[in-house]
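Trainee: only geometry, no sequence info:
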């Protein structure tokens, strides 16, 4: 197969499926499906894509979208500090609090935005800090492994980014009050990262065996976030066993998601992969290629092994035609991304999760 070309990223489509409330969850082909409303999950992921794009292009349209997505997340946070997820088209949330995955994904996105402090206005960064601080008391109770992984990654950005833990002031400000000391406390955040990472490691060691090097008895969605989070936690804590678990589990996941023909093939969402079973062939979801790409990029850096960069490149190439049906998922007319590969070909809808995933993958691979 010929090497896929680098597809030009068109930001117009993300703008078209975003209104003044946020990015729509689903589409009917290329038109927003208003009946499905919005989710905080998608607006959080869209924030990551918009930050990457703005960091690369300084396009004012992207900055406008960043404002919109952060505003959505702010409105999604309830009085207790948790994030609601599903909003209908009437701008009413249909739940009091979203899933644990929603909490983790939102912390990931807000932390990621703060890691790009050199390119974003202070007023937006201060909003991100405020939202994380309000959510912080609830993070320790997250039980879902994937939600914990998302949160670990988001909190790691805070620790690794200079001055991320204090508000930005337009004048000299000395952080010496009790309120200042209680805001985004570094020791607490470090403890959260380490404790959640140790829980993941413990779950892994209890569950692995007989050639099954994984945290659970199935490979489902968002798998790559688990080893990626442990790589991030290792960078923060320096605990070698976290790195070992991350590498062993990521290598196992790679063995299950790259075909012998040399292309990336995510676990199918219609059945997943159960222990000692066979992987469901379909549907292949765009978000899986994106998150695996990000995990492999991190592994290349932390493990000092460029072989993971080749895996990351294959994840990007999945979008542009190096996949199980030899067909690009990118609409050449609009730049939108189709909603995955199913048993009869492409899913012709082009929802927000898909274009966000491709945008992140494209920007990470070709603009960092």
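Mentor: Yep, that arrived. Please read all numbers here as calculations on a predicted model, not as lab measurements. Numbers count the residues shown, from 1 in each chain.

Trainee: CA only for contacts and neighbour counts going forward, please
Mentor: Noted.

Trainee: so residue 256 sits in a helix?
Mentor: Yes - residue state for residue 256 (DSSP: H, G, I helix; E, B strand; the rest coil) corresponds to a helix.

Trainee: and it, how close does it get to residue 224?
Mentor: 12 Å (C-alpha to C-alpha, to the nearest Å).

Trainee: those two: which is more packed in?
Mentor: For residue 256 versus residue 224, neighbours defined as other C-alpha atoms under 10 Å are more numerous around residue 224 (25 against 17).

Trainee: what helix or strand is residue 205 on?
Mentor: Applying DSSP states H and E as the criterion places residue 205 in helix 186-207.

Trainee: where along the stretch 1-150 of the chain do the strands fall?
Mentor: For the stretch 1-150 of the chain, applying DSSP state E, counting those that start in this stretch gives strands covering 27-28, 31-32, 38-39, 86-87.

Trainee: the last one packs against which elements?
Mentor: Under the contact criterion of 3 or more C-alpha pairs under 8 Å, 6 or more residues apart in numbering; DSSP states H and E, strand 86-87 touches strand 38-39.

Trainee: repeat that for the third one.
Mentor: Strand 38-39 makes packing contacts with strand 86-87 when contacts are defined by 3+ C-alpha pairs under 8 Å, 6+ apart.

Trainee: what ranges do the helices span in this structure?
Mentor: 12-16, 40-57, 60-76, 100-114, 122-139, 145-160, 178-182, 186-207, 225-237, 240-257, 286-302, 307-319, 352-367 (DSSP state H).

Trainee: sorry, back to before: can you put the strands of the stretch 1-150 of the chain in a markdown table and add mean pLDDT?
Mentor: Listed next are the strands of the stretch 1-150 of the chain as a markdown table, based on pLDDT from 0 to 100:
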| stretch | mean pLDDT |
| --- | --- |
| strand 27-28 | 98 |
| strand 31-32 | 98 |
| strand 38-39 | 98 |
| strand 86-87 | 98 |
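
Trainee: residue contacts, residue 87?
Mentor: 37-39, 93-94 (C-alpha atoms under 8 Å, 6 or more residues apart in numbering).

Trainee: gap between it and residue 14?
Mentor: Taking C-alpha to C-alpha, one finds residue 87 at 19 Å from residue 14.

Trainee: now for the strands of the stretch 1-150 of the chain, which one comes closest to residue 322?
Mentor: For residue 322, the closest of the strands of the stretch 1-150 of the chain is strand 27-28, at 25.0 Å, according to C-alpha to C-alpha.

Trainee: turn the helices of the chain into CSV, columns for mean pLDDT.
Mentor: Shown next, in CSV, are the helices of the chain (pLDDT from 0 to 100):
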stretch, mean pLDDT
helix 12-16, 95
helix 40-57, 97
helix 60-76, 98
helix 100-114, 98
helix 122-139, 98
helix 145-160, 98
helix 178-182, 86
helix 186-207, 98
helix 225-237, 98
helix 240-257, 98
helix 286-302, 98
helix 307-319, 98
helix 352-367, 95
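
Trainee: which of those helices sits closest to residue 333?
Mentor: So among the helices of the chain, helix 12-16 is nearest, using C-alpha to C-alpha, at 10.3 Å.

Trainee: now that closest one: buried residues?
Mentor: Using 16 or more other C-alpha atoms under 10 Å as the burial criterion, the residues of helix 12-16 that qualify are 13-14.

Trainee: list the helices and strands it packs on?
Mentor: For helix 12-16, where contacts count as 3+ C-alpha pairs under 8 Å, 6+ apart, the packed elements are helix 352-367.

Trainee: tell me how far the helix it packs on lies from the chain's centre.
Mentor: 11 Å (C-alpha atoms, centre = their mean, to the nearest Å).

Trainee: returning to what we had before: among the helices of the chain, which is nearest residue 170?
Mentor: The closest of the helices of the chain to residue 170 is helix 122-139. By C-alpha to C-alpha, the value is 8.9 Å.

Trainee: now list the buried members of the contacts of residue 87.
Mentor: 37-39, 93.

Trainee: okay if I get the contacts of residue 87 as JSON lines plus distance to residue 219?
Mentor: JSON lines is the format used below for the contacts of residue 87 (distance: C-alpha to C-alpha, whole Å):
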{"residue": "37", "distance to residue 219": "29"}
{"residue": "38", "distance to residue 219": "27"}
{"residue": "39", "distance to residue 219": "24"}
{"residue": "93", "distance to residue 219": "31"}
{"residue": "94", "distance to residue 219": "30"}
